[in-house]
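K.L.:
quick one, structure for this:
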Amino acid sequence: MKLIHRIILHISWVLTLLLAAWAVLFYVTMVDEINDEVDDSLEFYSEMLITRSLAGRELPTSNSGSNNSYYLHEVTHEYADSQPHVAYSDEEIYIPEMEETEPARVLRTIFEDRDGRLFELTVLTPSFEKEDLRVTILWCVVWLYLLLLLTILLVNVLVLRRILRPLYALLRWLDDYTIGGRNEPLANDTTVPEFRRLNESAIRNAARAEYLFDRQKQFIGNASHEMQTPLAVCSNRLEMLVDSTELSEEQLGEIFKVQQTLDYLVRLNRSLLLLSKIEGGQFPESEEVDFNALVRTAAADFGELYAARRIRTELREEGGLRFRMNPSLAASMVNNLLKNAFVHGGEGGEVLLTVSRSRFRVANTATSGPLDAEHIFDRFYQGTKKEGSTGLGLSIVDAVCRLYRLHLSYAFVEGRHTFNIDFPQ
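P.N.:
As a prediction, this is how the structure comes out:
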């Protein structure tokens, strides 16, 4: 979830709680204020009736045409002692004229006349429907909430987008940043101290990553170059030893094993050097590569190698594939996939090569189950050890694809190891 969306979500929850609390408080306050005004009116009316009753004057009729009504009757001392002398309540009163009950505010008070008799005076006035009021307030709060929410969302999106513009600029720079590549300098002027510190931290870490990458690239390159000479010397001396010395069959066998190991080290050294150059961006030359012709040539070159294991090769050209890149890297990518098909292919199997307008596919019959898709492109991953494999072929293919933003994928389909390289249109 984006930062702006998370902020808006939290604001919405907080606003919901605040408006709910405000609605309850508003309802309680309004009802209390209305009841207070009605109680004052009832109190004034009851005092007038009591004054007239004690003075012996005629009382108005119970239904005098006003909102107020009253009932007056004599009560016993026991009843008077069990009731409060003044009490307010909300009740439902039946109105004969309307033949229905209506809410009313009721005042009950007990007083004593000059003869010591006790009377209970009940004064009432029509009130409002509290349920209707609650529903009205609820809908008002809902519409108010929606209006406030939309307003806050709009304001926050506009304000936050402007405030967070330096952050998004930094994120775009980090997304486009490639260690060892040609990167644009960070242009992200801001007056916010936190964003300035974030920019400085990102630049420092990028510089540190570049320094470590250069050191690693230098080490791999130097080590590979330094290893080439002693490896070549050892190989030549072994050849001289075989040519100039009478050796037994057992000794020749041991020398052959040593020669195989040296050949493996030479291939490994070349692969590491190639990887170092790819990741270091040392192949700037590019031209439009015809992959149809490249795959045909590579298939012909691997023909004898495949024939040794009776592996059949089928090439399907479903369209012309051309892409601008370094031709040496394109050839390395294709050759490594064809070599991988030979290494992981079974005796008498089949290799299917498919070239279309936007995809190059290599599918070979498998001798066992699927490979580990999560680690197959890691360096030196070989799964089950295969003869002639350095464990760097697929890593080189992956490095080339990452360099040119191609999508490399692996799948195990119908008993075949299938590698797809998707090219952008």
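K.L.:
rest of the way, CA atoms for contacts and neighbours
P.N.:
Fine.
K.L.:
which residue of the protein lies farthest from its centroid?
P.N.:
Distance to the chain centre peaks in the chain at residue 115, reaching 85.9 Å (criterion: Cα atoms, centre = their mean).
K.L.:
quick one: secondary structure of that one?
P.N.:
For residue 115, the secondary structure call by DSSP: H, G, I helix; E, B strand; the rest coil comes out as coil.
K.L.:
for it, phi and psi?
P.N.:
Note on residue 115: backbone dihedrals following degrees, to the nearest 10 are phi -90, psi 0.
K.L.:
try residue 377
P.N.:
Main-chain dihedrals, residue 377, degrees, to the nearest 10: phi -100, psi 10.
K.L.:
that older thread, and the gap between the residue farthest from the centre of the chain and residue 365?
P.N.:
Noted for residue 115: a distance of 119 Å to residue 365, by Cα to Cα, to the nearest Å.
K.L.:
how about residue 355?
P.N.:
For residue 355, the distance to residue 365 under the criterion Cα to Cα works out to 18 Å.
K.L.:
go ahead and confirm residue 418 touches residue 364.
P.N.:
Yes: with contact defined as Cα atoms under 8 Å, residue 418 counts as touching residue 364 (6.7 Å).
K.L.:
more neighbours, the two?
P.N.:
Here residue 418 and residue 364 are set side by side on neighbour count (other Cα atoms under 10 Å), and the busier one is residue 364, at 27 against 22.
K.L.:
is it correct that that one falls within a strand?
P.N.:
Yes: counting by three-state DSSP, residue 364 is found in a strand.
K.L.:
quick one: secondary structure of the residue lying closest to it once chain neighbours are set aside?
P.N.:
If you skip the residues right next to it in sequence, residue 364 has residue 351 as its closest partner in space, 4.3 Å away by Cα to Cα, 6 or more residues apart in numbering. When states are read from three-state DSSP, the local structure at residue 351 comes out as strand.
K.L.:
my guess is residue 357 meets residue 323, correct?
P.N.:
No: taking Cα under 8 Å as the contact criterion, residue 357 and residue 323 are not neighbours in contact, 9.9 Å apart.
K.L.:
buried set for stretch 77-92?
P.N.:
Going by neighbour count (16 or more other Cα atoms under 10 Å), the buried part of stretch 77-92 is 80, 88.
K.L.:
what's that stretch in contact with?
P.N.:
Stretch 77-92 is contacted by residues 39, 101-111, 118 when judged by Cα atoms under 8 Å, 6 or more residues apart in numbering.
K.L.:
out of these, which is most surrounded?
P.N.:
For the contacts of stretch 77-92, neighbours were counted using other Cα under 10 Å, and residue 106 has the most, 24 neighbours in all.
K.L.:
leaving out sequence neighbours, find the closest residue to that one.
P.N.:
In this structure, residue 106 finds its nearest non-sequential neighbour in residue 124, 4.4 Å apart by Cα to Cα, 6+ apart.
K.L.:
for the one you found, which residues are in contact?
P.N.:
Each residue near residue 124 by Cα under 8 Å, 6+ apart is listed here: 42, 68, 69, 70, 104, 105, 106, 107.
K.L.:
just the ones of those in strands?
P.N.:
With strands taken from DSSP state E, the overlap with the contacts of residue 124 comprises 69, 70, 104, 105, 106, 107.
K.L.:
closest to residue 33 out of the residues you listed?
P.N.:
Taking Cα to Cα as the measure, residue 105 is the one of the ones in strands among the contacts of residue 124 closest to residue 33, at 13.2 Å.
K.L.:
that closest one contacts residue 125, doesn't it?
P.N.:
Yes: with contacts counted by Cα under 8 Å, residue 105 reaches residue 125, the gap being 5.5 Å.
K.L.:
which residues are in contact with each of the two?
P.N.:
residue 38.
K.L.:
for residue 417, grab phi and psi.
P.N.:
Here is the backbone geometry of residue 417 (degrees, to the nearest 10): phi -80, psi 120.
K.L.:
neighbours of it, how many?
P.N.:
Using other Cα under 10 Å, residue 417 is surrounded by 24 other residues.
K.L.:
partner residues bridging it?
P.N.:
According to DSSP bridges, the partner residues bridging residue 417 are residue 364, residue 412.
K.L.:
need the contact list for it.
P.N.:
The neighbourhood of residue 417, defined by Cα under 8 Å, 6+ apart, consists of 363, 364, 365, 366, 370, 371, 410, 411.
K.L.:
against residue 212, how distant is it?
P.N.:
In this view, residue 417 and residue 212 are 36 Å apart by Cα to Cα.
K.L.:
with residue 243 instead?
P.N.:
47 Å.
K.L.:
could you find the closest non-adjacent residue to residue 423?
P.N.:
residue 358 (5.0 Å).
K.L.:
and for residue 160?
P.N.:
The spatially closest residue to residue 160, leaving aside those adjacent along the chain, is residue 4, at 6.9 Å (Cα to Cα, 6+ apart).
K.L.:
quick one: the strands in the stretch 251-400 of the chain?
P.N.:
For the stretch 251-400 of the chain, applying DSSP state E, counting those that start in this stretch gives strands covering 287-290, 312-317, 322-325, 350-355, 359-365.
K.L.:
closest one to residue 187 among the ones you listed?
P.N.:
strand 322-325 (29.4 Å).
K.L.:
what comes up buried for that closest one?
P.N.:
In terms of neighbour count (16+ other Cα under 10 Å), strand 322-325 has its buried residues at 322, 323, 325.
K.L.:
check what pLDDT the last one gets.
P.N.:
Same thing as residue 325. Residue-level confidence at residue 325 comes out at 87, pLDDT.
K.L.:
the helix or strand of the chain with the lowest mean pLDDT: which residues count as buried?
P.N.:
In the chain, no helix or strand scores lower on mean pLDDT, DSSP states H and E than helix 249-279, which sits at a mean of 74. Along helix 249-279, these residues count as buried under the neighbour rule (16+ other Cα under 10 Å): 255, 259, 262-276, 278-279.
K.L.:
in terms of secondary structure, what does that helix contact?
P.N.:
helix 193-244, helix 393-403 (3 or more Cα pairs under 8 Å, 6 or more residues apart in numbering; DSSP states H and E).
K.L.:
swap the cut-off to 10 Å and go again
P.N.:
Secondary-structure packing of helix 249-279 (3 or more Cα pairs under 10 Å, 6 or more residues apart in numbering; DSSP states H and E): helix 193-244, helix 327-343, helix 393-403.
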